[in-house]
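Colleague: My questions concern the predicted model and sequence given below.
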Amino acid sequence: MKQGSTLFLKTVIYCLGLAVLFLCIILVGVISVGNAGIHLPVMLVILAAAVPFFYALYQGVQLLNYIDKNIAFSDRSVRAIRNIKYCAFTISVLYAAAMPYIIHIADKDDAPGVVLIGLVLIVAPLVVCVFAAVLEKLLQNAIDIKSENDLTV
């Protein structure tokens, strides 16, 4: 049962990675053709945010591998969650840095929905960052308790 759930999560991570990779390939194609125009900085921020995104996906797969090997309560797992936290924060900062330009474009094109999408792109990684921080703290406490119990026995 455990193998099935981690296999499902790995499949979801790979599908998500392929979808984002496809989007990045399309963006690079649009930029190289020269149709990006005024939206070039936004496209470059999206491509820059893809790097920590793919690293976070890699760390997620590593974490699932640790779970499969029954070493979920280890320092490697804490390190993987910490890396996911840093990646999520980096993605949020990149989109927050691009937000003034996004607001400028939305004001120029009279598209207020773009600002809402930009805010979602900032808040969603922050939620992942906070969740990863809480999970990191809980996992570290569980490891500390486990090592303390191992020493007393």
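Modeller: That came in fine, so what should we check first?
Colleague: Can you list the low-confidence ranges for this protein?
Modeller: Within the chain, the segments meeting pLDDT under 70 span 1-2, 36, 153.
Colleague: Quick check: phi and psi at F73.
Modeller: Per-residue torsions, F73: phi -90, psi 70 (degrees, to the nearest 10).
Colleague: And C129, how far from T11?
Modeller: 24 Å (C-beta to C-beta, to the nearest Å). Heads up, the C-betas are built off the backbone N, CA and C, glycines and all.
Colleague: With neighbour numbers in mind, choose between those two.
Modeller: Between C129 and T11, counted using other C-beta atoms under 10 Å, the more crowded position is C129 (19 against 10).
Colleague: Which residues are in contact with that one?
Modeller: Residues in contact with C129, defined by C-beta atoms under 8 Å, 6 or more residues apart in numbering, are K85, A88, F89, S92.
Colleague: and it, what element?
Modeller: helix 112-152 (DSSP states H and E).
Colleague: Please state the offset of that helix from the chain centre?
Modeller: Mean C-alpha position of helix 112-152 versus that of the full chain (C-alpha atoms, centre = their mean, to the nearest Å) differs by 11 Å.
Colleague: Ok, stretch 87-96 next?
Modeller: Its chain's average C-alpha position is 9 Å from that of stretch 87-96, according to C-alpha atoms, centre = their mean.
Colleague: ok, and what's touching it?
Modeller: Against stretch 87-96 from outside (C-beta under 8 Å, 6+ apart): 45, 48-49, 52-53, 55-56, 59, 118, 121-123, 125-126, 128-129, 132.
Colleague: mind running it again at 10 Å?
Modeller: Contacts of stretch 87-96 with the rest of the structure, by C-beta atoms under 10 Å, 6 or more residues apart in numbering, involve 42, 44-46, 48-60, 102, 118-133.
Colleague: Would you mind checking those residues for buried ones?
Modeller: Among these, those classed as buried by neighbour count (16 or more other C-beta atoms under 10 Å) are 42, 45-46, 48-50, 52-53, 56-60, 102, 118, 121-122, 125-126, 128-129, 132-133.
Colleague: thinking again about what came up before, which two of the contacts of C129 have the greatest separation?
Modeller: Taking C-beta to C-beta, the two most distant members of these are K85 and S92; they sit 10.8 Å apart.
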